[in-house]
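# What shape does this take:
(one chain, ligands or ions: 1)
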Amino acid sequence: MSMRIIGTGSALPAKQVSNEELEKLVDTSDEWIRERTGIGCRHISTEETAASLAAEACKKALERAGRQASEVELLLVATCSPEMALPCTACQVQELIGAEHAVAFDLNAACAGFLFALNTAYAYISAGIYHNALIAGTEVLSKIIDWSDRGTCILFGDGAGAVMAEQCESGGILGFVQHSDGTRGGVLACGSRNLENPYFTSQDFMPYVRMDGRAVFAFAVRQVPASIEEVLEKTGIEAGEVDLFVLHQANCRIIEGIAKRLKADPSKFPINLDRVGNMSSAAIPVLLDELNGQGRIIPGMTLVLSGFGAGLTYGACVLKW
Ligand code: UT7
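Residues are numbered from 1 along each chain as shown. You can find the predicted model right below:
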């Protein structure tokens with residue numbers, strides 16, 4: 001028993017912020033940002049929340065799949081920037097879309113979050129526990145970014161993407177690999193709430209994202225191709241048979257580096273980060289929805305999805321569309 005994606009959806013905040021606008025906030029330039037990252041613009045929430053964006057993306061995915069919210073059995077939301085600590089974003093989405101019969105919970109694996117949630121749904125569905133799943137990645141990273149830190153504020157954007165998936169006899173997801181390395185968590189980190197109670201108050205609270213960009217870059221260009229090679233070997237598929245590599249959108253140079261290491265055709269690596277920046281767990285499902293909407297993914301195609309991020313977490317998946 002396997003799982004296939006039958007609908008995709010996405011949602012972006014209305015406000016767009018160009019590199020030129022960031023020049024007014026920090027000592028940076030459009031030229032530097034484009035050259036070093038490939039990013040030209042990103043969407044930033046003014047009133048949209050992680051839950052409202054995810055709900056919009058989920059509704060579109062359901063509509064494209066021709067399914068009703070009331071049919072959803074499992075609702076997973078990947079996010080590292082939820083609006084609320086309680087309830088979880090998935091339960092908020094459940095209420096917003098009316099998926100009253102779904103079991104709903106969140107999963108945080110940062111930028112690999114959507115991929116990890118997809119694999120979690122796949123495990124439930126291939127075990128026969130649930131027959132379908134709505135899986136979203138949603139982020140409002142703009143609230144955990146230090147807007148005076150030019151090393152991070154130019155990179156990230158807000159948005160959400162979702163897929164509706166269901167059980168199938170064959171095809172669909174062919175294989176998965178996932179990895180985590182908690183020993184290197186310090187290279188990309190952000191505090192949650194300060195430890196503050198009648199007995200203790202922590203002094204070294206870190207409320208915003210702190211990142212060693214070079215370390216993350218080096219990790220990504222080494223581990224992402226390795227995990228893609230691992231999943232291709234596991235599924236017996238040659239890199240040349242893959243039609244599209246839908247990768248986490250963090251930096252064009254990282255994607256180029258990965259294509260080079262895999263000796264794969266760079267035109268098979270679609271990019272949208274020039275328009276949306278790095279949206280962490282929302283990056284892969286938003287790109288998937290764009291490609292699907294443009295008719296660039298057709299039945300029978302072989303896709304590789306791969307993500308990496310804070311944790312450190314990374315992984316890859318091969319699927320037949
Ligand atoms: O989803 C995972 C999340 N994170 C990532 O994927 C990040 C991966 N890393 C990267 O994408 C890159 O490392 C960055 C884009 C973050 C940085 O690019 P880089 O080529 O590694 O630059 P760098 O950090 O080595 O900095 C080079 C110079 C430094 O100045 P000096 O020391 O050479 O004088 C920085 O201070 O560029 C400076 N710099 C900037 N200059 C203009 C750093 N940020 C900026 C900026 N504008 N925004």
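
# Now do the helices in the stretch 101-250 of the chain.
113-126, 150-153, 213-235 (DSSP state H, counting those that start in this stretch).

# Touching the second one from outside, list them.
Residues lying outside helix 150-153 but in contact with it, judged by C-beta atoms under 8 Å, 6 or more residues apart in numbering, are 22, 25-28, 145-147, 208-211, 213. Bear in mind the C-beta positions are built from the backbone N, C-alpha and C, glycine included.

# ok, and the closest non-adjacent residue to the residue of the chain found nearest the ligand?
Using C-beta to the nearest ligand atom, the closest approach of the chain to the ligand is made by residue 213 at 2.9 Å. Computed as C-beta to C-beta, 6 or more residues apart in numbering, the closest residue to residue 213 that is not its neighbour in sequence is residue 151, at 6.0 Å.

# Counting neighbours, what do you get for that neighbour?
Burial measure for residue 151: 14 neighbouring residues, criterion other C-beta atoms under 10 Å.

# Could you do residue 46 as well?
10.

# Just the buried subset of the contacts of helix 150-153, please.
Among the contacts of helix 150-153, those classed as buried by 16 or more other C-beta atoms under 10 Å are 22, 28, 145, 146, 208, 209, 210, 211, 213.

# Which two among those residues are spaced furthest apart?
When the buried ones among the contacts of helix 150-153 are compared pair by pair using C-beta to C-beta, the farthest-apart members prove to be 22 and 210, with a separation of 18.7 Å.

# Which residues are in contact with residue 30?
Contact criterion C-beta under 8 Å, 6+ apart gives 18, 19, 20, 23, 40 as the residues in contact with residue 30.

# Mind doing that once more with 7 Å?
Residue 30 makes contact with 19, 20, 23, according to C-beta atoms under 7 Å, 6 or more residues apart in numbering.

# just residue 147 next, same as before
Residue 147 makes contact with 25, 153, according to C-beta under 7 Å, 6+ apart.

# and it, what are its phi and psi?
Per-residue torsions, residue 147: phi -70, psi 0 (degrees, to the nearest 10).

# Put together JSON lines for the contacts of helix 150-153, with distance to residue 121 on each row.
Listed next are the contacts of helix 150-153 as JSON lines, based on distance: C-beta to C-beta, whole Å:
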{"residue": "22", "distance to residue 121": "36"}
{"residue": "25", "distance to residue 121": "39"}
{"residue": "26", "distance to residue 121": "39"}
{"residue": "27", "distance to residue 121": "43"}
{"residue": "28", "distance to residue 121": "39"}
{"residue": "145", "distance to residue 121": "29"}
{"residue": "146", "distance to residue 121": "34"}
{"residue": "147", "distance to residue 121": "35"}
{"residue": "208", "distance to residue 121": "31"}
{"residue": "209", "distance to residue 121": "27"}
{"residue": "210", "distance to residue 121": "31"}
{"residue": "211", "distance to residue 121": "29"}
{"residue": "213", "distance to residue 121": "32"}
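
# For residue 11, give the beta-bridge partners.
According to DSSP bridges, residue 160 are recorded as the beta-bridge partners of residue 11.

# same check, this time on the one 5 residues further on
On the basis of DSSP bridges, residue 16 takes part in beta bridges with residue 43.

# Surely residue 285 forms part of a helix?
Yes. Secondary structure of residue 285, determined by DSSP: H, G, I helix; E, B strand; the rest coil: located in a helix.

# residue contacts, the nearest residue to it once chain neighbours are set aside?
Leaving aside its sequence neighbours, residue 285 sits nearest to residue 161 (C-beta to C-beta, 6+ apart; 2.6 Å). Taking C-beta under 7 Å, 6+ apart as the definition of contact, the neighbours of residue 161 are 10, 57, 136, 137, 282, 285, 286, 288, 289.
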